[in-house]
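**Q** What follows is a predicted structure for the sequence shown.
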Amino acid sequence: MSKLAPVYVSPEEEERQRQAAQVFASLPDRPRTYHIVTYGCQMNAHDSEKLAGILRSMGLAESPQREDADFVLFNTCCIRDNAERRALGNVNWLKEIKKDRPSLLIGVCGCMVQQPHMAEGILKQYKFIDLAFGTHNMHELPSLLCRLVEEKQRVVSVSGQENLIAEGVPVRRLYPHHAFITIMYGCDNFCSYCVVPYVRGRERSRRMSDILHEAEELQKSGVQEIMLLGQNVNSYQGGPGETFPNLLKALDGIGIPRIRFMTSHPKDLSQELIQVMADSRHLCNHLHLPVQSGSDQVLQAMNRGYTRSVYLDKVRSLREAMPQIGLTTDFIVGFPGETEDQFEDSLSLVEEVGYDAAFSFVFSPRKGTCAALMPGQVEASVASRRMDRLLEALAKSTAQSYQGMIGKTEQVLVESISKRNKGQVSGKGKRNITITMDGTQEDIGHIVPVTITSAAVNTLRAERIKGE
Ligand code: SAH
Ligand code: SF4
Ligand code: F3S
């Protein structure tokens, strides 16, 4: 598929939104506090940082409890049915609070809202929702909220403009020491089970200069780690010559101590990228490389664009170039037509690769995707038994990986103080595994060299390397 050129939100539109934010701040009936509830992936978490940035620029203050906020915004996900049901359950719960406090404003946005049937459903069934907007309308939040408060009528805005990029949106970052940078939006892969291309639009990449500028600003503010985000970062194409390997090289030169990225699609993981990863000074030795299934037939039905042996070849190349790399992945079990033998191909793949960790999901049919209509839908009880077996295989794989790390050194970016064990801190090593060790508040935000001493189920224990 040829790529659509992105359309940047114009400076005039940016100015219109800035003015709307100012007008809003002077409205007498305006809400004063907000609370955002976020579902879904890290992209959505970062979108919520932008939504919070916009709301603060409009003079709203964050309320830590949703029950107390004047405006509650749900940033939703629809990747699987349970993500959607959880969001709707919570929105409905707020409806009861609104009965006692009619001034409460309820907003919903994000991927769930972008689905055509959901936009209609909100109009007809969820009349208590005051504001709904899709993934392509986020930057319009100031003018949408102004309309809501001034006209005292519900506002629904779900546009069809799929290839927009909004730069210059204020961001309220959640973490002081690590930060998200979206490098590309949307997805063109159309894996047969996945709703993302429909709700996030066509693949479009930010200009490399904008990304580098953002990274430089983050470095100045003391950020120790950046996470580059995109549904398929390997196919980043910001402009002529602005490929993902080139972007990584340029970011590596800025000097932020740690760089990560996700998600990497196996079909686009090139030998060139593997070499750049190996040569990079700051890239962490961890890669999330979602495989989804170990069976060639299932991979083909999923439209993933690689076979088991191609995937295994890439894993081999990665490990040759970076012997200490840790791999994580995603699996879907119970894909339509998946036989017992094909499922067992996933089990053997776990053994063959050896993962640090994995997210496993039971296939969930999504409206509008090909797989939802495929014959051979797998019964829930069968899928659930397969899931148990997969989790067992993965637990073994994780335990083996962790055992292999005992005695090795790691660099931990300390994130928090342990609530249960006094005098203990924890953070992530470069391989993205949680590591705990002795420490104090002073360690938070610092990178500490350690030696791994033992392994538990989801964490490693370590000792500081003396004299460092
Ligand atoms: N762009 C990323 C993944 C985004 S969605 C990639 O290609 O890897 C995150 C994960 O959700 C997917 O890797 C997949 O394992 C899972 N997923 C997506 N759609 C699903 C569905 N309909 N049912 C079950 N799991 C699904
Ligand atoms: Fe979904 Fe596939 Fe795109 Fe990932 S690559 S977001 S799984 S369509
Ligand atoms: Fe969910 Fe949308 Fe992310 S569907 S997983 S929030 S891109």
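**A** Yes, it's here. Residues are numbered from 1 along each chain as shown. Ligands and ions are numbered 1, 2, ... in the order given.
**Q** tell me the contacts of the closest residue in space to M262 that isn't next to it in sequence?
**A** Nearest residue to M262, sequence neighbours excluded (CB to CB, 6 or more residues apart in numbering): H288, at 4.8 Å. From N, CA and C alone the C-beta is placed, and that goes for glycine too. For H288, the contact set (CB atoms under 8 Å, 6 or more residues apart in numbering) comprises 262-264, 327-330.
**Q** which residues in this protein form helices?
**A** Per DSSP state H, the chain carries helices over the ranges 11-25, 42-57, 81-100, 111-114, 116-124, 141-151, 196-200, 208-220, 244-252, 271-279, 296-301, 308-321, 340-353, 380-405.
**Q** Report the separation between G368 and V199.
**A** 9 Å (CB to CB, to the nearest Å).
**Q** and the two? which has more neighbours close in?
**A** It is V199, of G368 and V199, that has more neighbours when counted by other CB atoms under 10 Å, with 26 against 13.
**Q** Is that one in contact with Q114, as I believe?
**A** Yes - counting by CB atoms under 8 Å, V199 touches Q114, with 4.0 Å between them.
**Q** Mutual contacts of those two, please.
**A** Joint contacts of V199 and Q114 (CB under 8 Å, 6+ apart) are 134-135.
**Q** In the sheet, which residues pair with the residue nearest to M262? Tell me.
**A** With DSSP bridges as the criterion, H288 is bridged to T328.
**Q** Show the pLDDT at it.
**A** pLDDT, H288: 98.
**Q** got a list of what K430 touches?
**A** 258, 284-286, 410-411.
**Q** picking that back up, weakest of the helices of the chain in terms of mean pLDDT?
**A** helix 116-124 (a mean of 84).
**Q** Could you list the residues in contact with that helix?
**A** Contacts for helix 116-124 (CB under 8 Å, 6+ apart): 78, 108, 112-113, 129, 132, 134, 156, 158, 367-368.
**Q** now K314, nearest residue through space, not along the chain?
**A** L269 (5.2 Å).
**Q** do L148 as well
**A** V155 (4.8 Å).
**Q** for Q42, same thing?
**A** The nearest residue in space to Q42 (CB to CB, 6+ apart) is L229, at 5.8 Å.
**Q** Could you do A61 as well?
**A** According to CB to CB, 6+ apart, the nearest residue to A61 is T33 (5.3 Å).
**Q** Could I get the pLDDT score of the one you found?
**A** 98.
**Q** What residues does it make contact with?
**A** Contacts of T33 by CB under 8 Å, 6+ apart are 60-63, 68-71.
**Q** Farthest-apart pair in those residues, please.
**A** L60 and D68 (13.0 Å; CB to CB).
**Q** These two: which is more packed in?
**A** Taking neighbours as other CB under 10 Å, L60 and D68 compare with L60 leading, 23 against 12.
**Q** Now the phi/psi pair for that one, please.
**A** Note on L60: its backbone torsions stand at phi -90, psi 150 [degrees, to the nearest 10].
**Q** next one: T339
**A** Torsion angles, degrees, to the nearest 10, at T339: phi -90, psi 170.
**Q** residues near it, how many?
**A** Neighbour tally, T339, other CB under 10 Å: 13.
**Q** what's the spacing between it and A215?
**A** Distance from T339 to A215, by CB to CB: 47 Å.
**Q** One more: I465?
**A** The value you get for I465 to A215, if CB to CB is used, is 29 Å.
**Q** Pick out whichever of the two has more residues nearby.
**A** Taking other CB under 10 Å, I465 and A215 do not tie; A215 has more neighbours (22 against 13).
**Q** show me the residues around that one that make contact.
**A** Applying CB under 8 Å, 6+ apart, the residues near A215 are 181, 226, 251, 254, 256.
**Q** nearest to L391, of those residues?
**A** Of these, the one sitting nearest to L391 (CB to CB) turns out to be I226, at 31.5 Å.
**Q** Cross-check the contact I'm expecting between the closest one and M262.
**A** No - using CB under 8 Å, I226 is not in contact with M262, being 11.8 Å away.
**Q** the more surrounded of those two?
**A** Taking other CB under 10 Å, I226 and M262 do not tie; I226 has more neighbours (24 against 21).
**Q** Contacts only, for the more buried one.
**A** 178-181, 215, 218, 251, 256, 258-260.
**Q** And for the nearest residue to R66 once chain neighbours are set aside, the neighbour number?
**A** Excluding its sequence neighbours, the residue lying closest to R66 (CB to CB, 6+ apart) is H35, at 4.3 Å. H35: 20 surrounding residues under other CB under 10 Å.
**Q** could you list every residue that touches H35?
**A** Taking CB under 8 Å, 6+ apart as the test, what H35 contacts is 62-66, 68-69, 71-73.
**Q** so of the residues you listed, which ones are in strands?
**A** 62, 71-73 (DSSP state E).
**Q** Show the pLDDT at the nearest residue to S364 once chain neighbours are set aside.
**A** For S364, ignoring the flanking residues on the chain, the nearest one in space by CB to CB, 6+ apart is R80 at 3.8 Å. Note for R80: predicted pLDDT of 97.
**Q** was I right about R80 contacting F359?
**A** No - with contact defined as CB under 8 Å, R80 does not count as touching F359 (11.2 Å).
**Q** For S346, which residues are in contact?
**A** 293-295, 331, 333, 390.
**Q** Same question for S401.
**A** 326, 354-356.
**Q** Pull the most distant pair out of the residues you listed.
**A** Pairwise distances across the contacts of S401 (CB to CB) peak at 9.6 Å, for the pair G326 and G354.
**Q** Please list the residues of this protein that sit near ligand 1.
**A** 79-80, 193-194, 196, 231-232, 263, 265, 290, 292, 330, 332, 361, 363-364, 366 (CB under 6 Å from any ligand atom).
**Q** So which of these are in strands?
**A** Per DSSP E, those map to strands at 330, 332, 361.
**Q** Could you measure from G110 over to ligand 3?
**A** 6 Å (CB to the nearest ligand atom, to the nearest Å).
**Q** Correction: the previous question concerned Y402.
**A** Y402 is 27 Å from ligand 3, by CB to the nearest ligand atom.
**Q** rewinding a little: and the contacts of A215, which are buried?
**A** Neighbour-count burial (16 or more other CB atoms under 10 Å) applied to these gives 181, 226, 251, 256.
**Q** What's the local residue count around the residue nearest to the last one when sequence neighbours are not counted?
**A** Which is I256. Once flanking residues are discounted, I256 sits nearest to Q219: 5.0 Å by CB to CB, 6+ apart. By the measure other CB under 10 Å, the count of residues near Q219 is 17.
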